[in-house]
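Q: Below is the sequence, then the predicted model.
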Amino acid sequence: MRITYPVPAQTSSVFVVVTDRTPTDLTSIVPWRMGPSHRRAARDALGTPRLRLEAFRSTRSPWRRMDLSTEDLKRVRRARHHVVVTSTAPVEEQPEAAQVARAAARGIAEAYHGVLYDPLTGAAVYHCAECPGERRDFDLGDDWLGWRVSCADEEHACVLGLGTAAPVGADAGGGCSCLVTISRGLRRFGLPEIALTGLACAHSLCAVTVLRAVAESLLAGHFAWLSSGSRWQTETPPPCRAVARRLRMAGIDYAVLSGGAGPDSSAQVPGTEHGAEPGMSEGLRGRLVVWAGRPDRESGRMANAEHEAEPGTVHEENGLLRVRLTPAAAARSCLKLGLPGGHGGNPHPHHTAGLLVA
């Protein structure tokens with residue numbers, strides 16, 4: 001069986017450089033002080049929707065509110081100036097368009113000794129004089145993927161990490177499967193964000209490794225599909241891509257895909273608390289909140305509309321691809337239920353480096 005998801009006509013990326021130095025002529029930096037890998041592409045795109053540069057006083061910047069950590073948000077608001085690099089391009093031109101925009105932002109950050117932030121992943125993209133800059137070849141692990149780890153039931157957060165109450169469904173060994181890991185950043189490439197559910201809460205670091213592996217597999221197929229010649233037609237609905245429900249990795253059925261974030265939970269795409277972020281298609285703006293069996297706050301209708309339409313479709317109300325590991329994959333990874341060895345009853349387990357290998 002297969003499931004489908006809509007692919008937007010175009011996606012956007014925004015990168016914000018915060019600095020105390022006054023930005024002067026940005027065109028003297030982009031493309032001339034960029035790394036060589038994307039200099040020519042930046043020169044051709046500059047001034048078009050594919051690459052736009054804007055400078056703001058921090059007090060008037062629309063990017064003072066981003067979904068960042070507390071310390072990063074303080075740095076953003078203390079800075080005197082924000083330089084915003086925006087790229088909007090057809091989805092078929094990804095990931096190159098996003099790479100060119102980030103390469104330009106890297107050049108600006110280096111020139112003004114600033115810090116580069118990616119609002120979509122919610123993290124800083126660090127750089128240094130000895131670093132190679134933006135690579136020509138795309139690698140998802142090169143700060144393109146962010147994530148948020150939470151408990152499926154916030155009201156009864158697990159004693160192992162997010163709260164003090166024992167969750168419903170905890171096993172005799174003290175473990176549970178309350179962990180939900182949601183990706184950040186895939187939608188800039190036209191792929192829905194991924195919600196990895198049913199994970200053992202004692203292994204949150206390992207869950208991120210598994211999330212990255214699943215995202216890399218799905219994104220590779222997504223890029224191959226985009227390069228096969230599928231194009232957006234203005235007269236027709238958005239094209240949809242069909243993927244197999246069972247994701248095979250390393251020769252085994254690794255995970256099962258479905259729409260939604262779970263039968264008894266709600267999940268919100270990170271970053272939408274303060275409005276829609278870039279990289280989101282117009283049809284999905286403000287609609288990426290997952291409600292299971294509850295009325296939609298805006299329209300009053302039931303949001304779990306997958307029971308009212310064609311099965312296997314990722315709907316606007318869902319917006320996420322739900323992923324669960326198969327028993328065979330779970331047995332070969334560190335994501336088994338129960339506490340890791342040497343836990344010793346500590347309610348806040350220490351994650352060793354060995355837990356990062358799934």
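A: Yep, it's here.

Q: Confirm F56 sits in a helix?
A: No - under DSSP: H, G, I helix; E, B strand; the rest coil, F56 falls outside any helix and is assigned strand.

Q: That one against A79, yeah?
A: No - the criterion here is Cβ atoms under 8 Å, and F56 misses it with A79 at 10.4 Å. Any C-beta I mention is one placed from the backbone N, CA and C, and that applies to glycine too.

Q: higher neighbour count, these two?
A: A79 (20 against 16; other Cβ atoms under 10 Å).

Q: From R322, how far off is the more buried one?
A: As judged by Cβ to Cβ, to the nearest Å, A79 and R322 stand 38 Å apart.

Q: do L26 as well
A: To R322, L26 is 42 Å away according to Cβ to Cβ.

Q: cool, and R187?
A: Relative to R322, and taking Cβ to Cβ, R187 is found at 15 Å.

Q: cool, and V76?
A: Per Cβ to Cβ, V76 is found 32 Å from R322.

Q: And for P239?
A: Counting by Cβ to Cβ - P239 and R322 are separated by 22 Å.

Q: which of the two has more neighbours?
A: Comparing P239 with R322 by other Cβ under 10 Å, the one with more neighbours is R322, at 25 against 18.

Q: Strand partners (parallel or antiparallel) of the helix or strand harbouring the more buried one?
A: Per DSSP states H and E: R322 is located in strand 320-325. The strands beside strand 320-325 in its sheet (DSSP bridges) come out as strand 193-199 (parallel), strand 252-259 (antiparallel).

Q: Out of those, which one sits most buried?
A: Most buried of the strands paired with strand 320-325 by mean neighbour count (mean count of other Cβ atoms under 10 Å) is strand 193-199; its value is a mean of 25.

Q: For the helix or strand that that strand is followed by, which residues meet the burial criterion?
A: For strand 193-199, the following helix or strand on the C-terminal side (DSSP H and E) is helix 204-226. Buried positions in helix 204-226, judged by neighbour count with 16 or more other Cβ atoms under 10 Å: 204, 206-215, 217-219, 222-223, 225-226.

Q: so R50 makes contact with T88?
A: Yes - when contacts are counted by Cβ under 8 Å, R50 is listed as touching T88 (7.0 Å).

Q: Since that was my last question, I'll sign off now.
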